[in-house]
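Undergrad: Make a model of this:
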Amino acid sequence: VGGVNLLGLKLIKIDGLLSLGAMIETFTRDCSVAGLEAGYTVTTSAADGMSGGFIGECISGRTGGTSVTNLKSVAASMNGGKAGGFIGYAKAGDALAAAGESVGVGGTLTAIQITDLLGVISALRPEFYQTELSYIPVNAEEIQVQADMAGGFIGDGEAVDINYGKNHSEATEAEGSEDSAVKAATTITGLSKVDGETYAGGFAGRLIPGDVAQTGSVKLLGLLNVTQLLSVMDVAYPRISESSITGENLAVTAAGKNGNTEVGDAGGYIGYGKAIIIENSDVKEVASVTGTYHAGGYIGLMRSGSAVDAGDDTGALLNSVLGKIANLNDLAGVLQAASGKITNSKVSGVAGGMVVSETVRSGNDEKAANGYAGGYVGEMQSGYINNRANGAGTGKGTAVENLKEVNGLRYAGGFGGLVKAGSVAEVA
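TA: Numbering: from 1, shown residues only. This next block holds a predicted model:
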């Protein structure tokens, strides 16, 4: 969708845009792809190619009740390509890029307008629920997912929702959300090898918030109060629920780049996650995780939403309102909302033990490098991890099982290489 200007005369209000969005929504439901017994392969050859076992690039699309079976391999360029067992790259569309002109700049949004805004943003975010993905067995040297950004499910995702919205909808909660039998779930089986350069993960190479300019317009954000802002942030951030991996001696590698010591994030589940929300999503049978910058048994780098990165879209969202927040409680709420959260999600190594290693890429200068390795997280910047729910009785929940070894250049730990509190400077 090309924005309000494309729709004509700038007369369409947000509620009208919602109705129009319903007419043009892209959705696949109860669709399957099955390869030969020997499996099928998906490959792109362009430097910026996007390859997926189901969809290469998905913009504001939705899938439900999907199965991909007998997948052998998915590959894209190691010099800018994105590849995932299900989706190569997913992001929200830009139908609200000029919506600020249609709601009256200079005032405040009414309750109806903010509800409609949230509805449009939710409708535009990529959403995938109830997915089954299975790889065929391959030899140890064969790579199943390979690209610059590589993931067993998705290579690169912005503002993606995987089962979360479905499982937290009013209808699902009415059915009894505590009963996992009624929840949407994603399962990945047979995954054994994921290779990337910049990012690599058993589930996702990289997950980050959506582009604010695409999913709400900075003009609109300037009209929001704090409560409304938190609601917008919630639907713009990547969210995952009930999405687990059962590997086959899973090995995840992010090989980094020549001349750059600050790339190469690898995780058994996610390589790089920014302002993520994850619940009830395990990764099992992990043999090794290796990164040249960050390596974590579950996640390589877990960080909060930040406004300090040049051109960072989360920063644009926060900067648009932080300057006018005078109440410290309100400020704390915004900052906390920008932090990542992982609950009831563990990593389990193979019987012989999981090895997590951060090693500087050959030829790069170790003296100029920082390296982070952790049994669960390589580096955690302002986040929340709680595994109590998977504990027996009132015992402690498990974050890491069958850990054998953790190696890092400057920081290494059985749980985390470096775990630090966030600050206003990191998100403002």
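Undergrad: Tell me where the stretch 201-350 of the chain has helices.
TA: Per DSSP state H, counting those that start in this stretch, the stretch 201-350 of the chain carries helices over the ranges 218-221, 226-236, 313-322, 328-337.
Undergrad: Can you list the low-confidence ranges for the protein?
TA: 1-26, 94-123, 170-181, 211-235, 305-338, 392-395, 422-428 (pLDDT under 70).
Undergrad: Select the longest strand from it.
TA: The longest strand of the chain (DSSP state E) is strand 61-75.
Undergrad: Which positions in that one come out as buried?
TA: 61-64, 66-75 (16 or more other Cβ atoms under 10 Å). Bear in mind the C-beta positions are built from the backbone N, C-alpha and C, glycine included.
Undergrad: who's in contact with residue 167?
TA: Applying Cβ atoms under 8 Å, 6 or more residues apart in numbering to residue 167 gives the contacts 177, 183, 184, 241, 242.
Undergrad: So the closest residue to residue 416 other than its chain neighbours versus residue 387, what's the distance?
TA: Spatial nearest neighbour of residue 416, excluding adjacent residues (Cβ to Cβ, 6 or more residues apart in numbering): residue 374 at 4.1 Å. Computed as Cβ to Cβ, to the nearest Å, the residue 374 to residue 387 distance reads 14 Å.
Undergrad: And the two? Which one has more around it.
TA: Remark: of residue 374 and residue 387, residue 374 carries more neighbours, 33 against 18, as counted by other Cβ atoms under 10 Å.
Undergrad: Identify the bridge partners of that one.
TA: residue 296, residue 413 (DSSP bridges).
Undergrad: Residue 199 too?
TA: residue 149, residue 265.
Undergrad: ok, it touching residue 156?
TA: Yes: Residue 199 is within contact range of residue 156, at 7.4 Å (criterion: Cβ atoms under 8 Å).
Undergrad: Now do the shared contacts for these two.
TA: Common neighbours of residue 199 and residue 156 (criterion: Cβ under 8 Å, 6+ apart): 149, 205, 206.
Undergrad: contacting residues for the second one?
TA: Contact partners of residue 205, counting by Cβ under 8 Å, 6+ apart, are 82, 84, 147, 149-151, 154-156, 196, 198-199, 270-272.
Undergrad: Could you point out which of those is nearest to residue 53?
TA: residue 84 (7.3 Å; Cβ to Cβ).
Undergrad: Please list all residues in contact with the closest one.
TA: Contacts of residue 84 (Cβ under 8 Å, 6+ apart): 51-53, 74, 145, 150-156, 204-205.
Undergrad: Just the ones in helices from the residues you listed, please.
TA: Counting by DSSP state H, none of the members of these fall within helices.
Undergrad: circling back: buried ones among the contacts of residue 167?
TA: 183, 184, 241, 242.
Undergrad: picking that back up, run through the neighbouring helices and strands of the longest strand of the chain.
TA: strand 26-29, strand 32-34, strand 40-43, strand 50-52, strand 82-84, strand 127-135, strand 145-146 (3 or more Cβ pairs under 8 Å, 6 or more residues apart in numbering; DSSP states H and E).
Undergrad: 7 Å instead, please
TA: In terms of contacts (3 or more Cβ pairs under 7 Å, 6 or more residues apart in numbering; DSSP states H and E), strand 61-75 is packed against strand 26-29, strand 32-34, strand 40-43, strand 50-52, strand 82-84, strand 127-135.
Undergrad: So which of these is the most surrounded?
TA: Burial of these is given as mean neighbour count (mean count of other Cβ atoms under 10 Å); strand 82-84 ranks first at a mean of 35.
Undergrad: That one: partners in the sheet, and parallel or antiparallel?
TA: With DSSP bridges as the test, strand 82-84 is paired with strand 50-52 (parallel), strand 149-151 (parallel).
Undergrad: hey, what's the residue nearest to residue 251 when sequence neighbours are not counted bridged with?
TA: In space, residue 251 comes closest to residue 288 once its chain neighbours are excluded; the distance is 4.7 Å by Cβ to Cβ, 6+ apart. Judged by DSSP bridges, the bridge partners of residue 288 are residue 251, residue 355.
Undergrad: Now for residue 405: which residues touch it?
TA: 353, 355 (Cβ atoms under 7 Å, 6 or more residues apart in numbering).
Undergrad: switch the cut-off to 6 Å
TA: residue 355 (Cβ atoms under 6 Å, 6 or more residues apart in numbering).
Undergrad: before we move on, what about the one 4 residues further on?
TA: Residues near residue 409 by Cβ under 6 Å, 6+ apart: 358, 371.
Undergrad: Residue 379 touches residue 296, doesn't it?
TA: No: the criterion here is Cβ atoms under 6 Å, and residue 379 misses it with residue 296 at 7.9 Å.
Undergrad: Which of the two has more residues huddled nearby?
TA: Using other Cβ under 10 Å as the criterion, residue 379 and residue 296 rank with residue 296 on top: 37 against 28.
Undergrad: all strands for the stretch 101-250 of the chain, in order.
TA: Under the criterion DSSP state E, counting those that start in this stretch, the stretch 101-250 of the chain contains strands at 127-135, 145-146, 149-151, 154-158, 161-162, 186-196, 199-201, 204-208, 239-241, 243-254.
Undergrad: Same list (those strands) but as CSV, adding distance to residue 357.
TA: Output for the strands of the stretch 101-250 of the chain, formatted as CSV (distance: least, Cβ to Cβ, whole Å):
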stretch, distance to residue 357
strand 127-135, 24
strand 145-146, 19
strand 149-151, 18
strand 154-158, 22
strand 161-162, 28
strand 186-196, 15
strand 199-201, 13
strand 204-208, 18
strand 239-241, 25
strand 243-254, 10
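Undergrad: picking up where we left off before, I'd like the helices and strands packed on strand 61-75 as a markdown table, with distance to residue 410 appended.
TA: As requested, the helices and strands packed on strand 61-75 are exported to a markdown table (distance: least, Cβ to Cβ, whole Å):
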| stretch | distance to residue 410 |
| --- | --- |
| strand 26-29 | 45 |
| strand 32-34 | 44 |
| strand 40-43 | 37 |
| strand 50-52 | 34 |
| strand 82-84 | 29 |
| strand 127-135 | 35 |
